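**Q** below are the sequence and a predicted model; questions follow.
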Amino acid sequence: MLKFYYSKGSSALAAHILLLEVAADFAAIEVPIGQGSHQQADFLARNPKGRIPVLETPDGVITENPAILEYIAATHPASATLPNGIFAQSEARSLCAYLCATVHVAFAHLKRAPRWADTIAAQDDMRQVAPRNLAACAAYLDQCLRLGPWAMGSSYTYCDPYLFLIGHWLAAADVSLAPYERLVAHRDAMLARPATQAAMAAHDLD
Ligand SMILES: N[C@@H](CCC(=O)N[C@@H](CS)C(=O)NCC(=O)O)C(=O)O
């Protein structure tokens, strides 16, 4: 059985949706970031980076959202959430790398500014610039959906819960989705799926 370590409202929502979507056999273990549980020794033994999510598999521990999502898709072939063929798989990795390394980090500039700057002025500046960068990310992601309705085109893949998470965070960060019609349609299509609804409920989100 898989063990999935998550914190409510964190980026773990993406893998949580996918685990439910593919009907994985998993146990969800809450590690509340707000209580500092991700910095406790037992969690650091699993992920020395002290970050959520973590997936414990029969072969060992996986960290980093793109790797966790691809693992879930690849180990549940009946769900057909892994794109077919090396080109489509590379495109999926490319999108998830962008979500992880650029978009997620742009969000972190809002909440985790002290990680990158010591002075209050520099932190404030970073927070002020963040919405501009996030809007640029949203515009790019809207373009990515031009084939639609899903991130990779006509079929739902493991990228979709990750893209949904980002859309959800954008709205929560007061970056209006309204100008990005494809992102709005994608969010609505995701919200119509029972797995998304169940994962949202598990994270106390509506
Ligand atoms: N690149 C990592 C980022 C993980 C990450 O930063 N997760 C956040 C929650 S969304 C976290 O653990 N934050 C706790 C902290 O920064 O101390 C991934 O994609 O898994």
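**A** Good, I have the coordinates.
**Q** and this protein, which residues reach the ligand?
**A** Contact residues, the chain versus the ligand (C-beta under 6 Å from any ligand atom): 10-11, 33, 38, 50-52, 64-65, 100, 104, 112. Quick note: C-beta positions are derived from backbone N, CA and C, even for glycine.
**Q** in helices only, show me those.
**A** The helices, defined by DSSP state H, take in 65, 104 from the residues of the chain next to the ligand.
**Q** give me the buried entries from the residues of the chain next to the ligand.
**A** 10-11, 33, 38, 51-52, 64-65, 100, 104 (16 or more other C-beta atoms under 10 Å).
**Q** so which residues of the chain form helices?
**A** Counting by DSSP H, the segments of the chain that form helices are 12-21, 41-46, 65-74, 86-98, 104-111, 120-144, 159-172, 181-191, 194-202.
**Q** mind listing what's buried in the last one?
**A** Right, helix 194-202. Quick answer for helix 194-202 (16+ other C-beta under 10 Å): 195-196, 199-200, 202.
**Q** which one of those is nearest to the ligand?
**A** For the buried residues of helix 194-202, the minimum distance to the ligand (C-beta to the nearest ligand atom) is 14.3 Å, reached by residue 199.
**Q** ok, now how distant is that closest one from residue 82?
**A** Distance from residue 199 to residue 82, counting by C-beta to C-beta, to the nearest Å: 19 Å.
**Q** repeat for residue 194
**A** 21 Å.
**Q** what does residue 196 give?
**A** 19 Å.
**Q** number of nearby residues for the residue nearest to residue 197 when sequence neighbours are not counted?
**A** Leaving aside its sequence neighbours, residue 197 sits nearest to residue 191 (C-beta to C-beta, 6 or more residues apart in numbering; 7.1 Å). Per other C-beta atoms under 10 Å, the neighbour tally for residue 191 reads 14.
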